[in-house]
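Peer 1: sequence plus predicted model, see below.
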Amino acid sequence: MSALAWLGGLAYFTLHWARVAVRCRPPPGQTFAEAYKIGVQSLPVLLTISAFVGSNLALQGYNAFAPLGGQRLVGMFVALAGVRELAPLIAAAMIAAKAGTEMASQIAVMRTREQIDALEVMAVNPFWWLVTPRLYGILLVMPALTLIAVFTTLLAAYCASVFQLGLSGATFLEFVTQSTEMRDLATGEVKALVFATIICFVSCYCGFYSEKGPEGVGKATNQAVVVSCVACVTFNYLVSQVLYG
């Protein structure tokens, strides 16, 4: 299948879901169950990755500014790189790798077992039953996960700067507050919602139209995480260009 045909299929899939979503309310029980799986169960991985990324940002910023005598600018470097760009991307990458692959594989297995066809026979719209709770669940938790990634990145960078590199904690916080505005956090939340929508629709689409059998499930899962990550990085640039370009 060509890339253009694949994108056309994804657009049709999204429009078909939208028509169904207008007429039917989301199942609240399933929505909160998906939110719990996506949000709470992803926290350990997200916290670990964010902490090490924040520490590495402080270390690399210090090494970059030290020859110029600008070690005190590490806080500004971490705030600009972490809050604006890396924290939303970290959250998106972790959710795509964990929740996105889970969505794709579960739906692909249902396709293999012909359970999606069974839903249609029982007059249950599979777009509403399979996509809606996953979309609303990921939209509920993705902004919160992004804020947690921001906080963890800054906290880890602060600890590395103060306790490992010997910088002043007050100076670090001063540059963080001076270089970060509320619109930076708002931008991160906008990116989180965009990334959540991309991950959900791409993952569900890959699973919904997967080939039957174990090979089809594996291919759908791999395609979901690859396309989701590439799309998130691409849209991250576009959103940053619009807001900061």
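Peer 2: Here it is on my side, so go on. On a predicted model such as this, the values are computed, not experimentally measured, just so you know.
Peer 1: so where's the protein shaky on pLDDT?
Peer 2: Filtered on pLDDT under 70, the chain yields the residue ranges 1, 245.
Peer 1: buried stuff in the longest helix along the chain?
Peer 2: Criterion DSSP state H: the longest helix present in the chain is helix 214-244. Within helix 214-244, the residues scored as buried using 16 or more other CB atoms under 10 Å are 216-217, 219-221, 223-225, 227-229, 231-232, 235-236, 239. The way it works is simple: take the backbone N, C-alpha and C, and place the C-beta from them, glycine included.
Peer 1: helices or strands up against that helix?
Peer 2: helix 87-95, helix 101-112, helix 182-208 (3 or more CB pairs under 8 Å, 6 or more residues apart in numbering; DSSP states H and E).
Peer 1: which of those sits most buried?
Peer 2: Comparing the helices and strands packed on helix 214-244 by mean neighbour count (mean count of other CB atoms under 10 Å), helix 87-95 ranks first with a mean of 26.
Peer 1: packing partners of that helix?
Peer 2: So helix 87-95, by 3+ CB pairs under 8 Å, 6+ apart, packs with helix 43-65, helix 132-159, helix 182-208, helix 214-244.
Peer 1: now do the contacts for the spatially closest residue to G137 that is not a sequence neighbour.
Peer 2: Leaving aside its chain neighbours, G137 sits nearest to E34 (3.1 Å; criterion: CB to CB, 6 or more residues apart in numbering). E34 makes contacts with 133-134, 136-138, as judged by CB atoms under 8 Å, 6 or more residues apart in numbering.
Peer 1: let's see 10 Å
Peer 2: Residues counted as contacts of E34 (CB atoms under 10 Å, 6 or more residues apart in numbering) are 26-27, 99, 102-103, 132-138, 140-141, 200.
Peer 1: buried subset of the residues you listed as a ChimeraX selection?
Peer 2: Here is the ChimeraX command that selects only those of the contacts of E34 that count as buried (16+ other CB under 10 Å):
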select :26,99,102,103,132,133,134,135,136,137,138,140,141,200
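Peer 1: just curious, which of the contacts of E34 is nearest to K212?
Peer 2: Using CB to CB, M103 is the member of the contacts of E34 that lies nearest K212, at 17.9 Å.
Peer 1: circling back: chain center to the longest helix of the chain, what's the gap?
Peer 2: Offset of helix 214-244 from its chain centre (CA atoms, centre = their mean, to the nearest Å): 9 Å.
Peer 1: run the angle between that helix and helix 182-208 for me.
Peer 2: Calculated by axes from the mean of the first three to the mean of the last three CA atoms, to 10 degrees, helix 214-244 forms an angle of 160 degrees with helix 182-208.
Peer 1: ok, the residue lying closest to I107 once chain neighbours are set aside to A224 distance?
Peer 2: In space, I107 comes closest to G207 once its chain neighbours are excluded; the distance is 3.0 Å by CB to CB, 6+ apart. Remark: distance between G207 and A224 (CB to CB, to the nearest Å) = 7 Å.
Peer 1: now do the shared contacts for these two.
Peer 2: Common contact partners of G207 and A224 (CB under 10 Å, 6+ apart): 100-105, 107-108.
Peer 1: distance of the most centrally placed residue in the chain relative to T197?
Peer 2: Nearest to the geometric centre of the chain sits A92, at 1.8 Å (CA atoms, centre = their mean). To T197, A92 is 11 Å away according to CB to CB.
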